[in-house]
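# Return atomic coordinates for the entry below.
(one chain, ligands or ions: 1)
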Amino acid sequence: MDLSTKLAGITLRNPTMNASGVLIIFPPMMKAFEDHGIGAVVGKSVTKEPREGNNGPTVIQRSEDVCMNRMGLPNPGVEEYIEEIKKYEFNIPVIISVAGFSLEEYVSNAIKGVEVGKIIEVNLSCPNVEGGTICFAIDQTYKICREIVDNVDVPVFSKLSPYTNLLGLNKTIDAVYKSGVDGITLTNTAPSLSIISLDIAVNERRNNNLFKGGLSSKALFPISLRNVYEASKYIEKEGLELDLIGVGGIETHEEMISYILCGAKATQFGSAAALHFNENYKEIPRSLCNGLEDFMRDNNYKSLEDFRGEVYR
Ligand SMILES: Cc1cc2nc3c(=O)[nH]c(=O)nc-3n(C[C@H](O)[C@H](O)[C@H](O)COP(=O)(O)O)c2cc1C
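Coordinates of the predicted model:
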């Protein structure tokens, strides 16, 4: 049975990847996941300058299925991060995620990123920094992606927010395709709000009472899945050559397989690693692959292409 998949021509031994920025951030941890069977590893989104990120509570769990974060892109800066990754030898593809606060910054981060990255993932969708959800500004998204594509010689994936406006999703797909990217990662977290205490009178600092963050985990799953499904249908209808990575709420092989059935070539898990930190979270890729193998055996599938995209055909 063959679990391998290809992203823009690059082979992954299986379709499991970590999602950028969630726990598996530093090279030793990324290397440990390689040893635990993951298909590819994704770095934390990097900016030119080091960032501390936000103060105070940065992650809350409203309920078992509702996780929110407002990390604010903490990272050591692109130079230091890439030099640190260089100290390790990876036998699986390393994907470098780049963020930025200007066109020039996105591009220079991507140029540095290719020193170790087999793929560049462009984070156009961070809801926790000023201007982070730049994917909703289609012209700027086009320019950023175009400049990166023109300046790097590895495949480029655009990471987008979850869309509830499907016309907006299609227009963004058109723009990033025209820019020359090889694929799209769907989705980042959804902008969301939580009121910590309803009793504002007892709260001394009103602002601390509001948790503005990005929604992830199981609650995000059906929304991200719909995005992948709609994007796949649109890409096929328009005859575009774009590979999709599905992300949002993957905890078990069932969510992962759902993304593949909706057309994703690979998948990423994020919050699951944090939520299962006290258990054996390094086993996540293996447990996802075991479930995938059982599913393929039960249905007599020999490769992922035997069932990928099956639900919209
Ligand atoms: C704590 C935390 C930090 C994140 N940091 C990043 C980041 O640096 N870059 C990025 O593209 N996405 C970031 N994300 C979004 C995830 O990569 C992923 O798209 C999202 O969490 C949905 O997947 P999940 O439900 O499996 O967590 C972050 C998410 C969380 C929860």
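
# Can you measure across stretch 113-124, start residue to end residue?
The first and last residues of stretch 113-124 sit 16 Å apart, counting by C-alpha to C-alpha, to the nearest Å.

# Counting neighbours, show which residues of it come out buried.
Using 16 or more other C-beta atoms under 10 Å as the burial criterion, the residues of stretch 113-124 that qualify are Gly113, Val114, Val116, Gly117, Lys118, Ile119, Ile120, Glu121, Val122, Asn123, Leu124. From N, CA and C alone the C-beta is placed, and that goes for glycine too.

# Does the third one lie in a helix or a strand, and which?
Looking back up the chat, that one is Val116. Secondary structure from DSSP states H and E places Val116 outside every helix and strand.

# isn't it right next to Tyr88, touching?
No. Applying C-beta atoms under 8 Å as the test, Val116 and Tyr88 come out as separate, 9.0 Å apart.

# in the chain, what residue is nearest the ligand?
Closest contact between the chain and the ligand, by C-beta to the nearest ligand atom, is at Gly21 (2.1 Å).

# does that residue really touch Ala273, like I thought?
No. With contacts counted by C-beta under 8 Å, Gly21 stays clear of Ala273, the gap being 10.7 Å.

# So if I had to pick from those two, which one is more boxed in?
The neighbour count for Gly21 versus Ala273, taken as other C-beta atoms under 10 Å, is higher for Gly21 (24 against 20).

# Look at the closest residue in space to that one that isn't next to it in sequence and tell me its secondary structure.
Of all residues not flanking Gly21 in the chain, Lys44 sits nearest, at 4.9 Å (C-beta to C-beta, 6 or more residues apart in numbering). Secondary structure assignment for Lys44 (DSSP: H, G, I helix; E, B strand; the rest coil): coil.

# and the closest residue in space to Ile24 that isn't next to it in sequence, how many residues sit next to it?
When the adjacent residues along the chain are set aside, Ile24 lies closest to Asn18, with 4.2 Å between them (C-beta to C-beta, 6+ apart). Here the number of neighbours of Asn18 (other C-beta under 10 Å) works out to 27.

# Show me the beta-bridge partners of Asn18.
Beta-bridge pairing of Asn18 under DSSP bridges involves Phe269.

# pLDDT value on it, please?
With respect to pLDDT, Asn18 scores 98.

# In contact with it, which residues are there?
Contacts here follow C-beta atoms under 8 Å, 6 or more residues apart in numbering; on that basis Asn18 touches Ile24, Met30, Phe33, Ile38, Val41, Val42, Gln268, Phe269, Gly270, Ala273.

# Quick one: residues in contact with the helix or strand hosting Glu105.
Under the criterion DSSP H and E, the helix or strand holding Glu105 is helix 103-113. Helix 103-113 is contacted from outside by 46-48, 78-79, 82, 96, 98-100, 120, 122, 140, 143-144, 147-148, 151-152, 156, using C-beta under 8 Å, 6+ apart.

# now those residues: which count as buried?
46-48, 78, 82, 96, 98-100, 120, 122, 140, 143-144, 147-148, 152, 156.

# Just the ones in helices from these, please.
Taking DSSP state H as the definition of helices, those contribute Val78, Ile82, Gln140, Lys143, Ile144, Glu147, Ile148.

# Pick out the most distant pair among those residues.
Ile82 and Gln140 (24.9 Å; C-beta to C-beta).

# Pull out the buried positions in the longest helix seen in the chain.
The longest helix of the chain (DSSP H) is helix 221-238. Under the neighbour-count criterion of 16+ other C-beta under 10 Å, helix 221-238 has 221, 223-235 buried.
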